[in-house]
Structure formats: C-alpha cells, structure tokens
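Trainee: Turn this into a structure:
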Amino acid sequence: MASVLVAEPPRSAMVAASSNKQQASGDAAHLPGVVAMRYNVRLHNGRGRSMKWREPWLLGLQHQPRFNPFQWQVLKTALMVSGCFAVLAGVTVLTRERSASDIALSLAICVGMGPAIALLTYIFHWLSPRKVDHGPNGIVIIKGESILLLPWQAIASYGFVTVEGEGALSLHDHAGVDHRVFLPDRVNRTVIERTLRQHTGLAPGLPR
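Mentor: Numbers count the residues shown, from 1 in each chain. As a prediction, this is how the structure comes out:
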C-alpha cells in the first residue's frame, strides 16, 4: 500500500522561512516562456541547480531496518487483500451455483493470496533504492511506494557526514529526527548545499 509521510514544521520555523520559500518558488517567474520551460526541464532532470539522486543500492540495503515480513504493516496488508478476495468470492457464491469443491478452492485462494501479495509488496519495498528529489515545498524521499516529504521549514540543520567511509547527507528536523541519505559519487555537494541554503536560509552545520 502506498503511504505518504510529511514531517510537520513548527509554526515559528514556517514564519522564519516564508521569505526564502517565496524566493525559491519564483526563480523562473521572470524568465520568458521557452527559456523558463528549459529552465524547469533542467531542474527536473537533475542538471543545473537541481539536487536529485538515487541512493547507492547496496549502501541503502546495509543501513536500512532488517528484513522483517512479520511486522504489523505487512500483516495488515495481508488481511486487507484476503478480505477483498473473500468479498469477491462471497459475491460469486451468491450469484452463481457452485459446488462445495469450488467454494473450498475459493476460500483457499482468499487465505493464500493475501499473505502472498503482502509479502511480495514488502519485498519490493525493502529492495527498492531510495530516491531523493526536491520541489517548492521541500525535499522528497521516495522508497518503493512510500513517500516522505520533508518541508523546507521543517529542516533545523543539515550537513555532510561520513558513515563507514561513505558520504551521506544528514537532515535534522525540529523534532530531532535524523533523515540520513547516502550520496553517490557523481553527486555535486556544492549544488546540494547551495539548494539547501537557498530554501532554508541555513548554513550547513549539525548539532553536537
């Protein structure tokens, strides 16, 4: 099941960063039609002034939570899918004459398909690399069908760190949560820092 999480910024941070957000959202407003379109295409494609990358796959797997298909979210998905199949099977039984063996087969499918689909969905999500992008409202971190939106106003501090010899971007929100994403070699850190400074009004620096 797709999920969208939004890190809520405090009201004081929203007021402090409102001018920066207006400036960032109006970067291309003064450009004529075709030039503005090309400018936005460069931003979308990760060139020019954009910060957009995919986390190295193996690094992401090594530092994400351990594989656990028995967590509540997976079980809930299995129950929901099995329930949908059960409803369809019930409608079929009520509208058509079916033998006892057909009804038993339908029940077996209902029981088996839910956990199978839930497990496949979880495996796909667990194996999916995280993708980082940004827009006028903040930074977006996508993993499988899950989306985390970190508004610019919610970012309390940021900086580049090294984890087991690998570079990563650390984003601290006002709740103290560290959103850490590993960086591929091709990413330009200067572009990332300039984008964050422009939208948040903050200089790089993490709390000790």
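Trainee: where along the protein do the helices fall?
Mentor: Ranges of helices in the chain, per DSSP state H, are 11-16, 18-25, 33-44, 57-63, 72-95, 100-127, 189-200.
Trainee: Could you check how far Asn132 is from Ala175?
Mentor: Wrong residue type there; residue 132 is Val, not Asn. When distance is defined by Cβ to Cβ, to the nearest Å, Val132 is 20 Å away from Ala175. All C-beta spots, glycine's among them, are computed from the backbone N, C-alpha and C.
Trainee: More neighbours: those two, which one.
Mentor: More crowded of Val132 and Ala175, by other Cβ atoms under 10 Å: Val132, with 23 against 11.
Trainee: State the number of residues packed around the closest residue to Trp53 other than its chain neighbours.
Mentor: Nearest non-adjacent residue to Trp53, counting by Cβ to Cβ, 6 or more residues apart in numbering: Val187, 4.9 Å away. Residues near Val187, counting by other Cβ under 10 Å, number 18.
Trainee: Give me the neighbour count for Arg189.
Mentor: Neighbour tally, Arg189, other Cβ under 10 Å: 13.
Trainee: ok now do the closest residue to it other than its chain neighbours, which residues does it touch?
Mentor: Nearest residue to Arg189, sequence neighbours excluded (Cβ to Cβ, 6+ apart): Phe160, at 6.1 Å. Contacts for Phe160 (Cβ atoms under 8 Å, 6 or more residues apart in numbering) come out as 167-170, 183, 189, 204.
Trainee: hmm, try it at 7 Å
Mentor: 167, 169, 189 (Cβ atoms under 7 Å, 6 or more residues apart in numbering).
Trainee: circling back: lowest average confidence across the helices of the chain, which one?
Mentor: Looking at the helices of the chain, the lowest mean pLDDT belongs to helix 33-44 (a mean of 38).
Trainee: for the nearest residue to Cys110 once chain neighbours are set aside, what are its contacts?
Mentor: Using Cβ to Cβ, 6+ apart and skipping residues adjacent in sequence, the residue nearest Cys110 is Phe85, 4.1 Å away. Phe85 makes contacts with 109-110, 113-114, as judged by Cβ under 7 Å, 6+ apart.
Trainee: now do His172
Mentor: His172 sits next to 156-158, 178, 206-207 when contact means Cβ under 7 Å, 6+ apart.
Trainee: which of those are buried?
Mentor: 156-158 (16 or more other Cβ atoms under 10 Å).
Trainee: and Leu127, how far is that from Leu120?
Mentor: In terms of Cβ to Cβ, Leu127 sits 11 Å off from Leu120.
Trainee: can you check Val181 too?
Mentor: Taking Cβ to Cβ as the measure, Val181 falls 26 Å from Leu120.
Trainee: higher neighbour count, those two?
Mentor: Using other Cβ under 10 Å, the more surrounded residue of Val181 and Leu120 is Val181, with 19 against 10.
Trainee: ok now do that one, which residues does it touch?
Mentor: 55, 130, 132, 141, 168-169.
Trainee: Repeat the analysis, applying 10 Å as the threshold.
Mentor: Residues in contact with Val181 (Cβ atoms under 10 Å, 6 or more residues apart in numbering) are 53-55, 59-60, 63, 130-132, 139, 141, 168-171.
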